[in-house]
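1. sequence and predicted structure, then a few things I'm wondering about:
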Amino acid sequence: GLDGVEIKCDQGFLIQQFLSPYYNFRTDEYGGTRINRIRFLLEILEKTREEVGHDFIVGVRITGNAYAYGDIGEEEALEISKIVATEDLIDYLHINGATNSTYRGYLLNHGDSSLEERNFSHLSKKIKESVGIPVIVASMIATPYDAEYLVKHKYADLVAMTRSHIADPEIIRKVENGQLSDIRPCIRCNQECVGGHHLGAPVRCIHNPATGREKELGIGTIRKASKSKNLLIVGGGVSGMEVARVAALRGLKVHLLEKQRELGGQLLLASKLPYMQGLRDIAHYLENQIKKLKVNIYLQNEVTIENFSSVIEDMNSVVISIESNSHIPPIYQNIDPKNALTPVDILKENINLLKNILIVDVDWRQNPLAVAEWLIQRNHQVTIISSGYFIGEGINIASRASYYSRIQRKAKFFPLTDFVSHKGNVACLRNVLDNEIFKIEPIDQVVFVSGLSPNRNLQNIKVEPSIDVHFVGDCMYPNGVTDAILQANRIARTL
């Protein structure tokens, strides 16, 4: 059985609607005055306590400020908290903020890396100072250092770190054992946790493939190899490093070759985009792990078809994980090639970018919005088109609200629109519903955000039958960090 229960009274759900002067229009004993609006919650708590007794933990999670016009404000939340805390019905209060009833609230409630850390801690501190029971605080608490700060400075008695535990369920044990550098960091990207949940998919983590697959890939599932093997990995991006990490844990002797001066692959480039610095943290985490496991790392070592046979000498297995290539769909031909760019082109900063930039969104995810923000920060005039019903149609509501809050008024958005041609400084576009062609100007250059294409340079290598060769990550099919790490983890267990 369970040791306790928490009654959810926040994020705009039913009980918060009773508590809210904005949503509660009742004229009976459950509406109107503050005590009437609290009555529904108190009756729930009374019945709960009657059923479970006083040896069972009962808590309430409540908003400290809904941050929505007419809804529960900071003072109202404080008064509600004091009344609930003095009824001898609960053991603790759990303070959150904002409401899912508004897009802004959704953003604040499920914040990404663009928001300040510990964003509701001032609310919990005020309530803690006014009630006589323990207080928990939630939201944007990513690291043990954040948690320690909040408890030490009396913002709360306990902290809730949901996404950090999704990223690394062993975080508490690692803190206890002094293994802080081994904690897999939550990078607050929302792509697979909040994003997965609100898109109707299972809750995952962008760089912990075991999340939601604990029986297959979780703690204690990595088995030692039956015999000693030499493994060569070509490519030090995330998939290559994940293969190296898992293979080394299994006892293989691992050699990792990377043609660049540092490990990380495409993540290092993508981390240049606004509020995507956490992608570099993923690379650093994996690099730290494989170095601790004594993986042999050789930087600035490019493997080609010509030198491949000499490189794999004395190896039992080879994993190819070279990075993908930037890509512009061949359908978009009516443009001078010098004005047709990709995100890779602009992030490498070896292109002379002009003032007026058109972004063609073939991705339908966060990348077009991130590229737009990067350009806006550098004072470019940006127009974004997408064949979807709105820009960023494929991303979760919290991430979309985050980007829109920062760039929607600074860029021109053309949904339901596709690219036709660009000549001079005029772009011809097409409405995808009625096929009407129209022009916009001035447009100096066009950035096609259309994903990546596989790098098949080593697909036709010839090796001895005794050597196993596997391809993982972007050289097979570029499908994002999550799939690259998952595929790498699974393959490493078979070597």
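-> Done, it's in.
2. state the number of residues packed around V382.
-> Here the count is done by other Cβ atoms under 10 Å, and V382 has 21 residues near it. To be clear about C-beta, it is placed using only N, CA and C from the backbone, and glycine gets the same treatment.
3. just the one 4 residues further on next, same as before
-> S386 has 26 neighbours, counted by other Cβ under 10 Å.
4. how about it: which residues does it bridge to?
-> Beta-bridge partners of S386, counted by DSSP bridges, are D361.
5. contacting residues around it?
-> Listed by Cβ atoms under 8 Å, 6 or more residues apart in numbering, the contact partners of S386 are 361, 364, 368, 392-393, 414-417.
6. by neighbours, which of these wins?
-> D361 (30 neighbours).
7. that one contacts P368, correct?
-> Yes: between D361 and P368 there is a contact at 3.8 Å, judged by Cβ atoms under 8 Å.
8. identify the contacts common to those two.
-> Common neighbours of D361 and P368 (Cβ under 8 Å, 6+ apart) are 384, 386, 391-392, 449.
9. mind checking what secondary structure I35 has?
-> Using DSSP: H, G, I helix; E, B strand; the rest coil, the structure places I35 in helix.
10. rewinding a little: which among the contacts of S386 gets closest to K152?
-> Lowest distance from K152 to the contacts of S386 (Cβ to Cβ) belongs to G392, with 39.3 Å.
11. could I get the phi/psi values of that closest one?
-> Here is the backbone geometry of G392 (degrees, to the nearest 10): phi 80, psi 30.
12. how close does it sit to W364?
-> Noted for G392: a distance of 7 Å to W364, by Cβ to Cβ, to the nearest Å.
13. bridged to F413, which residues?
-> I384.
14. L252 reaches D468, doesn't it?
-> No: taking contacts as Cβ under 8 Å, L252 lies outside contact range of D468: 11.7 Å.
15. which of those two has more residues huddled nearby?
-> L252 (23 against 15).
16. state the distance from that one to I437.
-> From L252 to I437 the distance is 58 Å (Cβ to Cβ).
17. and for D71?
-> 46 Å.
18. out of those two, which sits in the busier spot?
-> Between D71 and I437, counting by other Cβ under 10 Å, D71 is the more crowded of the two (24 against 10).
19. now C193: how far from K174?
-> In terms of Cβ to Cβ, C193 sits 19 Å off from K174.
20. who has more neighbours, the two?
-> Taking other Cβ under 10 Å, C193 and K174 do not tie; C193 has more neighbours (24 against 16).
21. got the confidence number for the nearest residue to the more buried one once chain neighbours are set aside?
-> The shortest distance from C193 to any non-neighbouring residue, by Cβ to Cβ, 6 or more residues apart in numbering, is to I166 (5.1 Å). I166 carries a pLDDT value of 97.
22. which element, helix or strand, includes I166?
-> helix 162-167 (DSSP states H and E).
23. toward the C-terminus, what is the element adjacent to that helix?
-> helix 171-176.
24. tell me where the stretch 101-250 of the chain has strands.
-> Here the stretch 101-250 of the chain has its strands, by DSSP state E, counting those that start in this stretch, at 135-137, 158-159, 230-234.
25. now mean neighbour count and mean pLDDT too, for the ones you listed, in JSON lines please.
-> Shown next, in JSON lines, are the strands of the stretch 101-250 of the chain (neighbours: other Cβ atoms under 10 Å; pLDDT from 0 to 100):
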{"stretch": "strand 135-137", "mean neighbour count": "25", "mean pLDDT": "98"}
{"stretch": "strand 158-159", "mean neighbour count": "18", "mean pLDDT": "97"}
{"stretch": "strand 230-234", "mean neighbour count": "25", "mean pLDDT": "97"}
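26. of those, which is nearest S309?
-> strand 230-234 (11.9 Å).
27. neighbours around D418, how many?
-> Using other Cβ under 10 Å as the criterion, D418 is surrounded by 18 other residues.
28. which residue ranges of the stretch 351-495 of the chain form helices?
-> Along the stretch 351-495 of the chain, counting by DSSP state H, counting those that start in this stretch, helices occupy 367-377, 397-407, 480-492.
29. show me what the longest one is packed up against.
-> The reference is to helix 480-492. Contacts defined by 3 or more Cβ pairs under 8 Å, 6 or more residues apart in numbering; DSSP states H and E place helix 480-492 against helix 238-249.
30. packing partners for the helix or strand following the helix it packs on?
-> On the C-terminal side of helix 238-249, the closest following helix or strand by DSSP H and E is strand 253-258. Under the contact criterion of 3+ Cβ pairs under 8 Å, 6+ apart, strand 253-258 touches strand 230-234, helix 238-249, strand 296-299.
31. so for the last one, what gets flagged as buried?
-> Residues I297 are the ones in strand 296-299 that count as buried (16 or more other Cβ atoms under 10 Å).
32. can you list the strands that it pairs with?
-> Under the criterion DSSP bridges, strand 296-299 sits next to strand 253-258 (parallel) in its sheet.
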